[in-house]
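Colleague: structure here, sequence nowhere to be found:
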DNA sequence: ATTGTGGCCTGCCCGC
DNA sequence: TGCGGGCAGGCCACAA
């Protein structure tokens, strides 16, 4: 599913439309537009503007849009979220062909948002389950520091004095941005930390382990090709055993999410 | 403020 | 073979 590694791939693909001008916007399902903005308003405000940058913060892809027809009006930003099954297609090609837990088929009704560009080309968000969405001027400040460049100090701020389970805190995008369920399990497994630990209970050495593991694990997953390529992933199933020590993995629910972890080396 | 829970959305897979 | 139920989880509204 789209976590930070996948959205980073989407961002790189979206660089191809930087410099192009939006000729038209098709919102194929009005529910895909989030944030209380009418689909028609989003379409009319985005149309005619030039894409000046494609950025990522956490799992959010942001297209910066220039002034367009009325330069005095100033810029605008279009935020794209991919939920669990959202794929990005640029000029007909998807940088990621298949997502875990999603279909690789191409039903026309799954193309929830289409940006057509002046001249040629288009950008499409194809999201079968429609847990993603498009947001006009997303509140980027509501997101925590990006997990790919997470520092020890940022992690300490995110965890300190919190009574929430450690994993729930890592999944909270306002505390750390970009970590989803699979990456969270992989990260905690690599760090030897139990997902249900109180976030604020980590000592200095444990915080340091986790802070070091976050960027390096994300980079490893990006090299391997996605958030589903972790070492723990094949064992996340009934009867699965820890790839490190062979203990039978436990399955529980933490932060409302299915969680697999090793009772032998995660404390 | 913090933390927890349920709902949304729908394709897919399993068991009957 | 068809059918129904459960599952997947990112995000948000809402409750305590």
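Modeller: Done, it's in. This is a predicted model, so every value here is computed, not measured.
Colleague: Three-state assignment for the residue in chain A that DNA strand B sits nearest to, please.
Modeller: Nearest to DNA strand B, among the residues of chain A, is residue A:103, at 3.0 Å (CB to the nearest atom of the strand). For every residue, glycine as well, the C-beta is placed using N, CA and C. Secondary structure, DSSP: H, G, I helix; E, B strand; the rest coil: residue A:103 is coil.
Colleague: what sits closest to it if chain neighbours are left out?
Modeller: residue A:128 (5.4 Å; CB to CB, 6 or more residues apart in numbering).
Colleague: quick check: the gap between the one you found and residue A:38.
Modeller: Plainly put, residue A:128 is 24 Å away from residue A:38 if you go by CB to CB, to the nearest Å.
Colleague: more neighbours: these two, which one.
Modeller: residue A:128 (21 against 11; other CB atoms under 10 Å).
Colleague: list the residues that contact the more buried one.
Modeller: By CB atoms under 8 Å, 6 or more residues apart in numbering, the contact list for residue A:128 reads A:85, A:102, A:103, A:107, A:110.
Colleague: helix/strand/coil for it?
Modeller: Under three-state DSSP, residue A:128 comes out as coil.
Colleague: for it, phi and psi?
Modeller: phi -50, psi -50 (degrees, to the nearest 10).
Colleague: likewise for residue A:190?
Modeller: The phi/psi pair for residue A:190 (degrees, to the nearest 10) is phi -70, psi -30.
Colleague: just give the nearest non-adjacent residue to it, would you?
Modeller: Closest to residue A:190 by CB to CB, 6+ apart is residue A:213, at 5.0 Å.
Colleague: can you check residue A:64 too?
Modeller: residue A:53 (4.1 Å).
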